[in-house]
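S.K.: sequence and predicted structure below; questions after.
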Amino acid sequence: MALILVGLSHQTAAVEMREQLSISGDDLTQALRHLQQDTDDVQECAIISTCNRLEIYAVGGEAARVRHTVIRFLSQYYEISAEQLEPSLYIKADTHTVNHLMRVASGLESLVLGEAQILGQVAEARAHAADAKTIGPILNRLFETVIHAGKRARYETEISRHSTSVSHVAASLIARCVTSVDDTTMLLLGAGEMAALMGQAAVDHGFRHIRIANRTFARAQALADRFASTPVEWQQMYHHIAEVDVVVAATGAPSTILHAHDLRDALVSRNGHPLLIVDIAVPRDVDSAVRDINRVTLYDIDDLQQVLDNNMDQRRASIPAVETIVAQESAHFLEWLQIRDVVPLIAQMRQQVWAIAEAEERAAMQRLQLDEREEEIVHRMVHRIVNKMLHAPTIGLRDHASQGDADKVARYVRELFALE
């Protein structure tokens, strides 16, 4: 039985190719059914589809045929020639497939090392395959094991700790600088993607008093509605700066929007109350001369980058520990897979021996004419003998299977017990 992976990712394919091959929701379920029903070569299949990867996991009889079937499916489904696809594809089989999926679920193969979202996406892939009824015992056990590995990686190591998100690092920095998150008032400048991420990070860190200013008031209103915040007019920006504890600049402006001379005028009414400004915009929103203003503390993207770099170094330091978990869980699954191959043989061997033992027991009972108590004694004796005789070959088959040489031992057992 072959376990095949055909996929592409940010490491092998340009974003244009990844966008063209993206698939989700009901389309994903239909694609799974189409792949399995279109051929007898694929017995089980599951698809992981994210913005950074598309991976098809398939179980079938012959590796080459399964691989060919999956590539043909991709070509037909997306109407892209195999010649165009293949330079972006990676293909793995058996142990390499298992190890790769373990690494994916553990965050080792992500664009951002250790990102947490991929584990949920792996679980979603399993759920989609279950809905499509294309997942069987092998892929079900594989996905179950890799999800467990991914959870272990995040609970037992630092691989997903220490944020690598600018917005979350900024929110964490602010939370450390202020006396009380609950009592802090924040002014967020901007209403684009970066501002939205910052708003979410601020809410996640417990900030509740947030004002949002944007040149287009309607956009400030829309973003404020998302976070139960207060939209304010852009023209009143300096008025609000005079009142708040923290300013976060996150616009997409091409040049500086907060100037030192304007800020000095706005701070007159603060009576010396300190102001924290965090500028996460690129290009910077805040004039660097603001650092020279008394009672104002300014952090910009370069300051945050030092934190991000340190956080990433701590994640990288966790890689060996995560790889140990990957190796352990891969070994557990492969042992199960190898033992699974001899389970039918063990059942056949035990069935045949028991059939012979029970037939001989019945024949003996007919000749001996024993009473009920004596028949029970003979019956238990036969059971004990058979179980003891079968114990060693059963354990031996399992042990040899886990060591990878089950095929040779299986041939011997079939010959010894005359099994077909």
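M.R.: Nice, I can see it. Numbers count the residues shown, from 1 in each chain.

S.K.: tell me, how many residues neighbour the spatially closest residue to residue 162 that is not a sequence neighbour?
M.R.: Leaving out its chain neighbours, the residue that sits closest to residue 162 by C-beta to C-beta, 6 or more residues apart in numbering is residue 311, at 3.6 Å. Where C-beta positions appear, they are placed from N, C-alpha and C, glycine not excepted. Neighbours of residue 311 under the rule other C-beta atoms under 10 Å: 20.

S.K.: residue 201 reaches residue 174, doesn't it?
M.R.: No - Residue 201 lies out of contact with residue 174 (C-beta atoms under 8 Å); the separation is 9.4 Å.

S.K.: tell me which stretches of the stretch 101-250 of the chain form strands.
M.R.: Per DSSP state E, counting those that start in this stretch, the stretch 101-250 of the chain carries strands over the ranges 185-189, 209-214, 230-233, 246-249.

S.K.: who does the longest one pair up with?
M.R.: Sheet pairing of strand 209-214 (DSSP bridges) gives strand 185-189 (parallel), strand 230-233 (parallel).

S.K.: how about those in a markdown table, adding distance to residue 44, mean neighbour count and mean pLDDT?
M.R.: Formatted as a markdown table, the strands paired with strand 209-214 follow (distance: least, C-beta to C-beta, whole Å; neighbours: other C-beta atoms under 10 Å; pLDDT from 0 to 100):
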| stretch | distance to residue 44 | mean neighbour count | mean pLDDT |
| --- | --- | --- | --- |
| strand 185-189 | 48 | 24 | 97 |
| strand 230-233 | 52 | 17 | 97 |
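
S.K.: which stretch among the ones you listed comes nearest residue 360?
M.R.: Proximity to residue 360, assessed across the strands paired with strand 209-214 by C-beta to C-beta, is greatest for strand 185-189 (85.1 Å).

S.K.: measure how far that closest one is from the centre of its chain, please.
M.R.: 34 Å (C-alpha atoms, centre = their mean, to the nearest Å).

S.K.: kindly report the same for stretch 90-109.
M.R.: The answer for stretch 90-109 is 12 Å, by C-alpha atoms, centre = their mean.

S.K.: distance between the ends of it?
M.R.: Separation of the first and last residues of stretch 90-109 by C-alpha to C-alpha, to the nearest Å is 13 Å.

S.K.: next, the buried residues of that stretch.
M.R.: The neighbour-count check on stretch 90-109 (16 or more other C-beta atoms under 10 Å) flags 92, 97-109 as buried.

S.K.: repeat for stretch 161-170
M.R.: Counting neighbours by 16+ other C-beta under 10 Å, one finds that the buried residues in stretch 161-170 are 162, 163, 164, 165, 166, 167, 168, 169, 170.

S.K.: same question for stretch 231-249.
M.R.: The neighbour-count criterion (16+ other C-beta under 10 Å) identifies 231, 232, 237, 240, 241, 244, 245, 246, 247, 248, 249 as the buried residues of stretch 231-249.

S.K.: now render these as TSV, adding distance to residue 113.
M.R.: Shown next, in TSV, are the buried residues of stretch 231-249 (distance: C-beta to C-beta, whole Å):
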residue	distance to residue 113
231	37
232	38
237	38
240	38
241	37
244	35
245	34
246	30
247	31
248	26
249	28
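
S.K.: quick one: list the elements packing against the top helix by length along the chain.
M.R.: Secondary structure of the chain per DSSP state H: the longest helix is helix 319-368. Packing partners of helix 319-368 (3 or more C-beta pairs under 8 Å, 6 or more residues apart in numbering; DSSP states H and E): helix 95-105, helix 137-156, helix 372-402, helix 406-416.

S.K.: next up, the contacts around the nearest residue to residue 103 once chain neighbours are set aside.
M.R.: Spatial nearest neighbour of residue 103, chain neighbours left out: residue 109 (5.0 Å); criterion: C-beta to C-beta, 6+ apart. With contacts defined as C-beta atoms under 8 Å, 6 or more residues apart in numbering, residue 109 is in contact with 9, 11, 53, 100, 103.

S.K.: for the fourth one, what are its contacts?
M.R.: Right, the one you point to is residue 100. Counted by C-beta under 8 Å, 6+ apart, residue 100 has contacts 5, 92, 109.

S.K.: let's see 7 Å
M.R.: Residues near residue 100 by C-beta atoms under 7 Å, 6 or more residues apart in numbering: 5, 92.

S.K.: from residue 18, how far out is it?
M.R.: From residue 100 over to residue 18 the distance is 17 Å, taken as C-beta to C-beta, to the nearest Å.

S.K.: for the residue most central in space within the chain, which non-adjacent residue is spatially closest?
M.R.: In the chain, the centroid-proximal residue (C-alpha atoms, centre = their mean) is residue 119; its distance is 2.0 Å. The shortest distance from residue 119 to any non-neighbouring residue, by C-beta to C-beta, 6+ apart, is to residue 150 (4.2 Å).

S.K.: just give me the neighbour total for the one you found.
M.R.: 30.

S.K.: okay, it: pLDDT?
M.R.: Among the per-residue scores, residue 150 holds a pLDDT of 96.

S.K.: the one 5 residues further on now?
M.R.: Taken from the predicted model, the pLDDT recorded for residue 155 is 94.

S.K.: try the one 5 residues further on
M.R.: Per-residue confidence (pLDDT) for residue 160: 89.

S.K.: and for residue 383?
M.R.: Residue 383 carries a pLDDT value of 83.

S.K.: do you know how far it is from residue 272?
M.R.: With C-beta to C-beta as the criterion, residue 383 and residue 272 are 91 Å apart.

S.K.: give me the more crowded residue out of the two.
M.R.: Neighbour count, other C-beta under 10 Å: between residue 383 and residue 272, residue 383 has more, with 14 against 7.

S.K.: distance-wise, check the more buried one relative to residue 366.
M.R.: In terms of C-beta to C-beta, residue 383 sits 19 Å off from residue 366.

S.K.: likewise residue 54?
M.R.: 67 Å.
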